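# have a look at this fold, sequence not included:
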Ligand SMILES: [Zn+2]
């Protein structure tokens, strides 16, 4: 049962191909810092690869509110006989600006935030941050903002206390309490507006926004502005075997899924890729996997094919489907190995990780794939030479996590979790292994062709 590093099985030529593939992955990550930017990248890539919004075609896609995308490829068999579905999420932990975020204190213009998803707050201080998102102005016009990505852009930052003064207010506290949510306040400006009597620095900062983007302070109320790390994706390690970047949970799955749905000959079974939003906050809301988007999209695809798409037909199609819930997993941490049960953990460099179940404390909240389905996936991957491993997240009572698998499983389809192992998962700079990213792509391609 002892699996080994996948790199051993790769030739020089294979490694070149893996590295080449990952260059495109890195540029995708740099252009996809938010769910909206990711959805746009996906949409553009799909359009370049022959996908259109015309549901009668062989390659079809649809975007839900700019934050969720479904892509469909017609197979030799119609969708009513069941689909091959892979779902990945395109949202990532971040800090959202509050709806009334700007204030001034101690001669600084500052922005208040409300964090999104599971973060360790202390990781977000004293690192360069970028501001991305959209503002809907009073007249309904949309303004897009992305500051902090190009080399001559300014960046933003959350101040941390100098060690000389932090002994009582931080150092003696628990790590989880050393930085509180309300203290995730972003530095925004320091030059006061000449002649202004009150809040002169805030006024000056707001004036810059007015000049550059035509937005006013009131417009923040109808904005979705996200503070994300300003880091670029880079190779990690002397051998360049790893990638450091923000948002690889779960854009590692999203990118590999995007490539897999586009590449290759027409599939036997009809295939569906779903790039969903709001996974990091429990898949609630109208762009999450629990919205009606998937069913409505299928309805339109079936109808365009001349199939009478009543509710029973769509339910049967989903019931007869086979699916992968694509999401990353936490690889064994070299310095905190005790949280893992290493016989059932995943390791960086050993390929895509299959998890029969997720959940926490006695498999609570898990979708547990059947032995039969695990057997099917295992045979499929082995036949095609996919490098894969299995892994649970952490020791039995250590914690755990959930994915979207259970929501799709409720339609009755077979589904199993799988994805690349990551180090520093959910941090501002997550680490993936290049071979694991490549094998995830390989696995998705094989699944769509099955
Ligand atoms: Zn995830």
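That came in fine, so what should we check first? On a predicted model such as this, the values are computed, not experimentally measured, just so you know.

# would you agree residue 272 is in contact with residue 82?
No - the pair residue 272 / residue 82 is not scored as a contact, 10.6 Å apart, by Cβ atoms under 8 Å. C-betas here are computed from N, CA, C, even on glycine.

# buried residues, the strand of greatest length in the chain. List them.
If you go by DSSP state E, the chain has its longest strand at strand 94-105. Of all the residues in strand 94-105, those buried under the rule 16 or more other Cβ atoms under 10 Å are 94-97, 101-102, 104.

# reformat the residues you listed as CSV; add pLDDT and distance to residue 378.
What follows is those, written out as CSV (pLDDT from 0 to 100; distance: Cβ to Cβ, whole Å):
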residue, pLDDT, distance to residue 378
94, 98, 36
95, 98, 40
96, 98, 40
97, 98, 46
101, 98, 49
102, 98, 54
104, 98, 60
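
# return the member of these nearest to residue 386.
Residue 386 lies nearest to residue 94 out of those, by Cβ to Cβ, at 31.9 Å.

# who touches stretch 443-450?
By Cβ atoms under 8 Å, 6 or more residues apart in numbering, the list of residues contacting stretch 443-450 from outside reads 73, 84, 86, 256-257, 259-261, 263-265, 267-269, 271, 322, 324, 326, 352, 377, 380-381, 384, 386, 388, 418.

# tell me the average confidence for that stretch?
The average pLDDT within stretch 443-450 is 97.

# what comes up buried for it?
By neighbour count on 16+ other Cβ under 10 Å, the buried set for stretch 443-450 is 443-450.

# same check on stretch 279-298?
Within stretch 279-298, the residues that count as buried by 16+ other Cβ under 10 Å are 279-280, 283, 287-291, 293-295, 297-298.

# now stretch 160-173
For stretch 160-173, a neighbour-count test (16+ other Cβ under 10 Å) marks 160-161, 170 as buried.

# kindly report the same for stretch 193-200.
199-200.

# what's in contact with that stretch?
103-104, 192, 201, 203-204, 207.

# just to revisit the earlier point, the ion: which of the buried residues of stretch 160-173 is nearest?
residue 160 (27.1 Å; Cβ to the ion).

# thinking again about what came up before, neighbour count: residue 272 and residue 82, which is higher?
More neighbours surround residue 272 than the other of residue 272 and residue 82, with 26 against 20 (other Cβ atoms under 10 Å).

# correct me if wrong, but the more buried one is in a helix.
No - assigned with DSSP: H, G, I helix; E, B strand; the rest coil, residue 272 falls outside any helix and is strand.

# give me the pLDDT for it.
Reading off the confidence values, residue 272 has pLDDT 97.

# who touches residue 223 in this structure?
Each residue near residue 223 by Cβ under 8 Å, 6+ apart is listed here: 97, 99, 133-136, 215.

# can we see that at 10 Å?
By Cβ atoms under 10 Å, 6 or more residues apart in numbering, the contact set of residue 223 is 96-97, 99, 101, 133-137, 142-143, 145, 215.

# mind listing the helices for the stretch 251-400 of the chain?
Taking DSSP state H, counting those that start in this stretch as the test, the helices found in the stretch 251-400 of the chain are 293-304, 311-319, 371-384.

# can you give the distance of the second one from its chain's centre?
It refers to helix 311-319. For helix 311-319, the distance from its own C-alpha centre to the chain's C-alpha centre is 28 Å (Cα atoms, centre = their mean, to the nearest Å).

# go on, stretch 134-143?
For stretch 134-143, the distance to the chain centre is 26 Å (Cα atoms, centre = their mean).

# looking at the stretch 301-450 of the chain, which residue is nearest the ion?
For the stretch 301-450 of the chain, Cβ to the ion, closest residue to the ion: residue 327, 4.3 Å.

# touching, residue 187 and residue 113? I think so.
No - the pair residue 187 / residue 113 is not scored as a contact, 11.8 Å apart, by Cβ atoms under 10 Å.

# more neighbours: which of these two?
residue 113 (23 against 15).

# quick one, what contacts the more buried one?
Residues near residue 113 by Cβ under 10 Å, 6+ apart: 94-98, 101, 124, 129, 158, 181-186, 225-227.

# for it, which non-adjacent residue is closest in space?
The shortest distance from residue 113 to any non-neighbouring residue, by Cβ to Cβ, 6 or more residues apart in numbering, is to residue 95 (4.0 Å).

# quick one, what contacts the one you found?
Contact analysis of residue 95 by Cβ under 10 Å, 6+ apart lists 111-117, 119, 121, 124, 129, 131, 156, 158, 181, 184-186, 225-229.

# the same query, at a cut-off of 8 Å, please.
Residue 95 touches 113-116, 119, 124, 129, 184, 186, 226-228, counting by Cβ under 8 Å, 6+ apart.

# show me what secondary structure element comes after whichever strand or helix holds residue 205.
According to DSSP states H and E, residue 205 maps onto helix 200-213. As assigned by DSSP H and E, the chain's next helix or strand after helix 200-213 is strand 223-229.

# in its sheet, what does that next one sit against?
Strand pairing for strand 223-229, determined by DSSP bridges: strand 94-105 (antiparallel), strand 129-136 (antiparallel).

# report the inter-axis angle for the first one versus helix 200-213.
Interaxial angle of strand 94-105 relative to helix 200-213 (axes from the mean of the first three to the mean of the last three Cα atoms, to 10 degrees): 130 degrees.

# nothing else from me, thank you.
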